[in-house]
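Student: please find the sequence and the predicted model below.
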Amino acid sequence: MSPQNKNKWSIDLTLREQDAGHDSLQKLPPPPGLRKVGALESKIQSEGLGAAGSRSASKDVQIIAQRKKAKAMSVAMSPGRQIAMNGFMMYMSGKNLNIFSISICSMAILSPLKGIFGISKTFKPFEDPDGRVDLQMAKLIHIALNLTWLCIGLYKMATMRLLPTTSADWSGAVVW
């Protein structure tokens, strides 16, 4: 942002080379658990795939691809955690018709549909332009868990008699 567009209450926390303490912070070891994916990507781009660095660069590329795939699988499994939480919420809401149970059931139907229709947006950060990261299994798991979640929501709506599942539900629609 340009200096004239900044608000008076905004603070820029970006550390630059000319800032005080930049050198001492660069000398500190990284915190435990910090992944250096960005550093590896910039290293690969800067050195290229020359003859001397081709082995280490290809190994770094494989490491990045493995990490992207692992993160994609973690995102693919996220509807599974939501199934358990929403299943408990649907159990606690009971079979009575009230605004709370209807809103929980509608959330259990709309959220999986949004997840299925937005799958390309969900997995966009993990795609690799060279095709080294295979996301098909992660996408299939994501779709399967969302369909399971959708079926649980439909079952709950059927137990609340909000879905026409018996012949008596259709008796008014029969034309003789």
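Tutor: Noted; the coordinates are in hand.

Student: show me where the protein has its helices.
Tutor: For the chain, the helices defined by DSSP state H occupy 22-27, 37-47, 54-76, 78-93, 99-117, 119-122, 136-159.

Student: and the ones you listed, which one's lowest on average pLDDT?
Tutor: Among the helices of the chain, helix 37-47 carries the lowest mean pLDDT, at a mean of 63.

Student: which residue packs closest to the most centrally placed residue in the chain, ignoring adjacent ones?
Tutor: In the chain, the residue lying closest to the centroid (Cα atoms, centre = their mean) is residue 75, at 4.2 Å. Spatial nearest neighbour of residue 75, chain neighbours left out: residue 122 (6.4 Å); criterion: Cβ to Cβ, 6 or more residues apart in numbering. In this view, the C-beta of every residue, glycine as well, is placed from N, C-alpha and C.

Student: again, but for residue 62
Tutor: Closest to residue 62 by Cβ to Cβ, 6+ apart is residue 132, at 7.8 Å.

Student: pretty sure that neighbour sits against residue 61.
Tutor: Yes: contact criterion Cβ atoms under 8 Å: residue 132 and residue 61 qualify, at 6.8 Å.

Student: more neighbours: these two, which one.
Tutor: Per other Cβ atoms under 10 Å, whichever of residue 132 and residue 61 has more neighbours is residue 61, with 17 against 13.
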